[in-house]
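Colleague: what follows is a predicted structure for the sequence shown.
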Amino acid sequence: MTSFKTVEGIWADRLGSLRNVVRQHVIAAQLSEHLDADASVLDIGCGQGTQAVRLATRGLQVTGVDPSADLLARLDEAAVSAGVEVRTLAGKLSDLDGLLDGERFDLVCAHGLLMYLPDGEAAVRALVRQVRPGGLLSFTVRNGDALAFRPGIRGQWAKAIAAFDGTTYVNELGADAEAHRLGDVIGWCERASLRVEAWYGVRVFTDGRDAADTPDPDSLQECLTVEVEAGRRDPYRRMASQLHIIARA
């Protein structure tokens, strides 16, 4: 099994790619519709801190948790450059009880984490323990209902056929990962006493682009506008690479 830790360097090298720029922008735009101005935020698996820093620039009190010292160092540098404060803690989801000593948050984020964990539902139960009553949980999963879409639009027919009924895949970084279907994810939320307020698609029309492609400055804003709209509309959001769930405890 190839883990995210093994391919972390590839991830860092591709932070400026079109696919990543779209993903980060779309998640931020979707989340912005649900934010309170003075909320406390926990970002688990925060990585280099793109979302953590964006949330801090809105005036939110942000704590970022990640096991990678290198990515947390990038986050610290980004926060200094942006003129904001983000508390950073080294650790994993399983470390939160010891790290936080019972602290709970208005918003808990886990974007790009669950696909690397063996039990998505158990992860949601662990995440919701960090949410204050009435607070929000925001998380993403790889869209298992559209797992064949990317290889299909690339003309990779054998991969597409295998993906129709698949739940596991090797992602663009080369890491082994899990996909989850929307109906199953909504069931996780219900069993964890979460009420789904909204769900969105993340990256529809750009998902088939090469992982190394960089944004075209002349068309990027239009591209981002289209991706945000696609992420909120049927049938497009159902074909997205990832699903973004926002649920209230």
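Modeller: Looks like it arrived, so ask away. Numbering: from 1, shown residues only.
Colleague: what segments of this protein are helices?
Modeller: Assigned by DSSP state H, the chain shows helices spanning 8-13, 18-32, 50-57, 69-82, 96-100, 120-128, 149-153, 157-163, 182-191, 220-232.
Colleague: from E178, how far off is G45?
Modeller: Here G45 is placed at a distance of 14 Å from E178 (C-beta to C-beta, to the nearest Å). From N, CA and C alone the C-beta is placed, and that goes for glycine too.
Colleague: now swap in H111 and tell me
Modeller: Distance from H111 to E178, by C-beta to C-beta: 15 Å.
Colleague: try S81
Modeller: 34 Å.
Colleague: quick check on P67: phi, psi?
Modeller: phi -80, psi -10 (degrees, to the nearest 10).
Colleague: and stretch 189-198, how far out from the chain middle?
Modeller: Distance of stretch 189-198 from its chain centroid, counting by C-alpha atoms, centre = their mean, to the nearest Å, is 18 Å.
Colleague: start and end of stretch 2-14, how far apart?
Modeller: One end of stretch 2-14 sits 18 Å from the other (C-alpha to C-alpha, to the nearest Å).
Colleague: list the buried residues of it.
Modeller: Neighbour-count burial for stretch 2-14, with 16 or more other C-beta atoms under 10 Å as criterion, is recorded at 4, 8, 11, 14.
Colleague: kindly report the same for stretch 160-177.
Modeller: Residues of stretch 160-177 classed as buried by neighbour count (16+ other C-beta under 10 Å): 160, 163, 169, 171-173, 175, 177.
Colleague: got the contact list for the most centrally placed residue in the chain?
Modeller: The residue lying closest to the centre of the chain (C-alpha atoms, centre = their mean) is H111, at 2.2 Å. Each residue near H111 by C-beta atoms under 8 Å, 6 or more residues apart in numbering is listed here: 27, 43, 45, 51, 138-140, 244.
Colleague: who is T63 paired with across the strands?
Modeller: T63 has the following beta-bridge partners by DSSP bridges: L42, R87.
Colleague: Q51 versus that one, what's the distance?
Modeller: 12 Å.
Colleague: any shared contact partners between those two?
Modeller: In contact with both T63 and Q51: D43, using C-beta under 8 Å, 6+ apart.
Colleague: follow-up on the earlier one: can you lay out the contacts of H111 as JSON lines showing pLDDT?
Modeller: Shown next, in JSON lines, are these (pLDDT from 0 to 100):
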{"residue": "I27", "pLDDT": "98"}
{"residue": "D43", "pLDDT": "98"}
{"residue": "G45", "pLDDT": "96"}
{"residue": "Q51", "pLDDT": "97"}
{"residue": "S138", "pLDDT": "98"}
{"residue": "F139", "pLDDT": "98"}
{"residue": "T140", "pLDDT": "98"}
{"residue": "H244", "pLDDT": "98"}
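Colleague: between those residues, which is nearest T57?
Modeller: Nearest to T57, judged by C-beta to C-beta, of those is Q51 at 10.8 Å.
Colleague: how close does the closest one get to V226?
Modeller: For Q51, the distance to V226 - C-beta to C-beta - is 21 Å.
Colleague: rewinding a little: how about the buried residues of stretch 160-177 in a markdown table, adding pLDDT?
Modeller: Shown next, in a markdown table, are the buried residues of stretch 160-177 (pLDDT from 0 to 100):
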| residue | pLDDT |
| --- | --- |
| A160 | 96 |
| A163 | 96 |
| Y169 | 92 |
| N171 | 89 |
| E172 | 87 |
| L173 | 88 |
| A175 | 90 |
| A177 | 95 |
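Colleague: so which of the residues you listed are in strands?
Modeller: 169, 177 (DSSP state E).
Colleague: and which of the buried residues of stretch 160-177 is nearest to D145?
Modeller: A163 (10.8 Å).
Colleague: isn't that closest one up against L147?
Modeller: Yes - using C-beta atoms under 8 Å as the test, A163 is close enough to L147 to be in contact (4.2 Å).
Colleague: which neighbours do the two have in common?
Modeller: Common neighbours of A163 and L147 (C-beta under 8 Å, 6+ apart) are Y169.
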